[in-house]
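Asker: after the sequence you'll find the predicted model.
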Amino acid sequence: MIEVQNLTKHYGNITAIDQLSFSIKPGQLVGFLGANGAGKTTTLNTMAGVLLPSSGDVLVEGKSIFNNLAARKHIGYLPDQPPLIDSLTVREYLNFVAQLKEIPPREVLKEIGRVIELCQLHEVESRVCAVLSKGYRQRVGLAQALIGKPRCLILDEPTVGLDPVQIFEFRRLLRSFKDELSIFMSTHILSDVEAVCNDVIVIDRGKAIIQSSIHDLLSQHQEHQKIWIQSSDIEKMTAYIKGQSQVKFLEAKPNAVLVELQVNELSSQAFLKQLVENQFAISEYKHEAIHLEDIYLNLR
Amino acid sequence: MQKAIVILKKELKTIVISPIFLVILSTVAFIWSYVFVRSVIEFEQSIHTESILGSGDLQTIINSFLSINYIIFIFLTPIIAMKLLVEDKNNGSFNLLLFTPNSTWSIVLGKYLAGLCAILIFLLVSLAYPLGVGQSVGFDQSLTLTAYLGMFFLSLTFFSVNSLICSFVRSSFLAIILSVIANIGLLMVGDMSLMPSNNFFSELVMQVSVARHFSLLSQGAVAISSLVFFLSINFLCIYLMEKVVSLSRWK
Ligand SMILES: Nc1ncnc2c1ncn2[C@@H]1O[C@H](COP(=O)(O)OP(=O)(O)O)[C@@H](O)[C@H]1O
Ligand SMILES: [Mg+2]
């Protein structure tokens, strides 16, 4: 369990983060969303102990990471720039990290083997870090974070700069950890959050403006339900819909219309029944899924 | 302290296998060889003409060799300090040391010890020349050894000041320029030829003059005061470096 309490960080007279409070429970996968410059990296660097806060605290299992070095062993951090050492081979590098994280010498080999297996680094383990591709650099960075079996992984925009296949693989890798540890992942890519996380915190100019589970967030916005309705008689149906006050007409295609319902006023079932009663032949209908993206864009 | 050793080992490994290190070491070794071969030829000629083995002559040769050596260190220690600190900060690997459970002291100490070892490697390689030649003519080595002790403390002092500079500079180029200037500046404080006539102030400056303590050591006068002097500069720099690294996390 990680608790972030009233975390504030000033750079000179810039307030990068402002009274941020939240907690990450075991097994929770939290997406940390925000535009560029919103304060994500600053928050993550402070949570990992790279930066010290102007005020506030970060507690791991009740102990502050700022005056308790051992508390940091529970956190694995992958900064926005993977902290590789170019002149070392992947194995030498992981060995160095294991020593920094105070892994007992007898267990070092086993632990390195474990993270190499987890992140599938067999192919590159004896190459020097300098020659690795972007995707492998990210995976070695992740392997580094996983050394010592931390309870929480903190990742700073881990998919930036990867190609679609690498992004897919990286997300799958993250999802595979979900039973063992919690993840706190910053990103400005919404599909990252939807693919990996079950909770979301949105930060804007240093302040948390949304903290919610993704499910709750989506269902709150479910009241504006959009439905595609397919029919052979679009023109007549369009005219009918435009005459209804509870339904908003959005768009028409040659064989379908898109409408928006206020679900608390008129349910989609009731609306479809109404159409059938009015002799419209409906061949198909489909709810349009609401994406985090719609909500996020509406916030601004 | 254990962490400092972990960091020291890793830094030494990366320094020693880095191409720049090998290039510099072989260039420097080439200069040493050249200077030495020439000195030995001159020395042999002087034996033939005077037919007396003048140990004073050999000492002069070794002294001129040493003076070339310390010019090399003026430029060498800034490069070592820059590699250890500025490059590490710029490619993000310095952060690794900050978020894993290490005290700032062990980070700073690890880096310092790595620089110390790199300097020792250079000194030991260059020591092979005077030692080798001195051995072959059965020459008393004690002066050479104390001179090397002086050289060691001088370059370590250069290095500690350079590391302090590198701990708050972000540009490699600027770090090297500032460090070289600092090293030359250090040597100029209390340089006899630059000093005004004898007064209290010049006496004081002499006491804190790197150049004077160095020349005392290299003339064979191993005074505790000189060792204390060099060590206190080093301690002061390490102490300030720890403060700079800690403060940069608050900033
Ligand atoms: N070292 C720094 N010095 C001064 N201002 C900084 C520094 N790092 C970040 N900032 C400022 O703090 C704000 C938050 O930055 P950052 O945490 O990097 O945002 P994000 O990661 O969300 O893009 C920005 O306005 C940025 O300009
Ligand atoms: Mg960022």
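Answerer: That came through fine. Ligands and ions are numbered 1, 2, ... in the order given.

Asker: these two touch, right, residue A:16 and residue A:9?
Answerer: Yes: contact criterion C-beta atoms under 8 Å: residue A:16 and residue A:9 qualify, at 4.9 Å. Backbone N, C-alpha and C define where each C-beta goes, glycine included.

Asker: what sits in contact with each of these two?
Answerer: A:39, A:42 (C-beta atoms under 8 Å, 6 or more residues apart in numbering or on different chains).

Asker: so which of the two has more stuff around it?
Answerer: Comparing residue A:16 with residue A:9 by other C-beta atoms under 10 Å in any protein chain shown, the one with more neighbours is residue A:9, at 24 against 21.

Asker: need the nearest residue in space to the residue in the stretch 151-251 of chain B that ligand 1 sits nearest to, chain neighbours excluded.
Answerer: Nearest to ligand 1 in the stretch 151-251 of chain B, going by C-beta to the nearest ligand atom, is residue B:251, at a distance of 7.1 Å. Of all residues not flanking residue B:251 in the chain, residue A:11 sits nearest, at 6.9 Å (C-beta to C-beta, 6 or more residues apart in numbering or on different chains).

Asker: quick one: neighbours of the one you found, just the number.
Answerer: Residues near residue A:11, counting by other C-beta under 10 Å, number 11.

Asker: likewise for residue B:214?
Answerer: Count around residue B:214 with other C-beta under 10 Å applied: 24.

Asker: tell me the secondary structure at it.
Answerer: Under DSSP: H, G, I helix; E, B strand; the rest coil, the three-state class of residue B:214 is helix.

Asker: what do you get for residue B:149?
Answerer: Of the three states, residue B:149 takes helix according to three-state DSSP.

Asker: contacts only, for it.
Answerer: B:217, B:222.

Asker: next SSE downstream of the host helix or strand of residue A:275?
Answerer: In the assignment (DSSP states H and E), residue A:275 maps to helix A:268-277. Following helix A:268-277 in sequence order, the next helix or strand is strand A:282-288 (DSSP H and E).

Asker: parallel or antiparallel, list what pairs with that following strand.
Answerer: Using DSSP bridges, the strands paired with strand A:282-288 are strand A:224-231 (antiparallel).

Asker: now do the buried residues in the strand it pairs with.
Answerer: Buried residues in strand A:224-231, counted by 16 or more other C-beta atoms under 10 Å in any protein chain shown: A:225, A:226, A:227, A:228, A:229, A:231.

Asker: again, but for stretch B:103-116
Answerer: Within stretch B:103-116, the residues that count as buried by 16+ other C-beta under 10 Å are B:104-116.

Asker: got it, and stretch A:49-62?
Answerer: A:49, A:50, A:51, A:53, A:54, A:56, A:58, A:59, A:60.

Asker: mind checking which of those land in strands?
Answerer: Of those, the ones assigned to strands by DSSP state E are A:56, A:58, A:59, A:60.

Asker: between those residues, which is closest to ligand 2?
Answerer: Relative to ligand 2, the closest of those is residue A:58; by C-beta to the ion it sits at 17.9 Å.

Asker: tell me the contacts of the closest one?
Answerer: With contact set as C-beta under 8 Å, 6+ apart, residue A:58 has these partners: A:2, A:3, A:4, A:5, A:7, A:46, A:47, A:49, A:64, A:65, A:66.

Asker: circling back to that earlier point, tell me which two of the buried residues of stretch A:49-62 sit farthest apart.
Answerer: The distance between the two most remote of these (C-beta to C-beta) is 20.0 Å, for A:54 and A:60.

Asker: ok now the helix or strand harbouring residue A:217, how far from the chain's centre?
Answerer: Using DSSP H and E, residue A:217 falls within helix A:214-220. Offset of helix A:214-220 from its chain centre (C-alpha atoms, centre = their mean, to the nearest Å): 15 Å.

Asker: that one packs against which elements?
Answerer: When contacts are defined as 3 or more C-beta pairs under 8 Å, 6 or more residues apart in numbering or on different chains; DSSP states H and E, helix A:214-220 sits against strand A:199-204, helix A:292-299.

Asker: 10 Å instead?
Answerer: For helix A:214-220, the packing partners by 3 or more C-beta pairs under 10 Å, 6 or more residues apart in numbering or on different chains; DSSP states H and E come out as strand A:29-33, helix A:190-196, strand A:199-204, strand A:207-213, helix A:292-299.

Asker: for these, which one sits closest to residue B:77?
Answerer: Judged by C-beta to C-beta, the one of the helices and strands packed on helix A:214-220 that comes nearest to residue B:77 is strand A:29-33, at 43.1 Å.

Asker: can you show me the helices along the chain?
Answerer: As the question left the chain open, I've gone with chain A. In chain A, the segments counted as helices under DSSP state H are A:40-48, A:90-100, A:105-118, A:134-146, A:164-176, A:190-196, A:214-220, A:234-242, A:268-277, A:292-299.

Asker: that's the wrong chain, I meant chain B
Answerer: B:2-16, B:19-50, B:55-81, B:87-90, B:93-99, B:104-136, B:142-168, B:172-188, B:200-207, B:210-218, B:224-250.

Asker: tell me which of these lies nearest to residue A:210.
Answerer: Closest to residue A:210 of the helices of chain B is helix B:93-99 (C-beta to C-beta; 27.2 Å).

Asker: in the sheet, who's paired with residue A:153?
Answerer: With DSSP bridges as the criterion, residue A:153 is bridged to residue A:76, residue A:183.

Asker: the residue of the stretch 151-251 of chain B closest to ligand 1 - how many residues pack around it?
Answerer: By other C-beta under 10 Å, 10 other residues sit near residue B:251.

Asker: for it, give me its contacts.
Answerer: Contacts for residue B:251 (C-beta atoms under 10 Å, 6 or more residues apart in numbering or on different chains) come out as A:9, A:10, A:11, A:12, A:51, A:52.

Asker: could I get the phi/psi values of the fifth one?
Answerer: What that stands for is residue A:51. The phi/psi pair for residue A:51 (degrees, to the nearest 10) reads phi -110, psi 150.

Asker: list, one by one, the residues from chain A near ligand 2.
Answerer: A:40, A:41 (C-beta under 5 Å from the ion).

Asker: mind showing which ranges of chain A have poor pLDDT?
Answerer: Counting by pLDDT under 70, chain A contains low-confidence ranges at A:300.

Asker: for ligand 2, give me its nearest residue in it.
Answerer: As assessed by C-beta to the ion, ligand 2 sits closest to residue A:41 within chain A, at 3.3 Å.

Asker: spell out which residues of chain A are next to ligand 1.
Answerer: Taking C-beta under 6 Å from any ligand atom as the criterion, chain A approaches ligand 1 at residues A:11, A:14, A:16, A:34, A:36, A:37, A:38, A:39, A:40, A:41, A:42.

Asker: mind running it again at 8 Å?
Answerer: Proximity of chain A to ligand 1 is confined to A:11-12, A:14, A:16-17, A:34-45, A:80, A:156-157, A:186, A:188, A:203, A:206 under the rule C-beta under 8 Å from any ligand atom.
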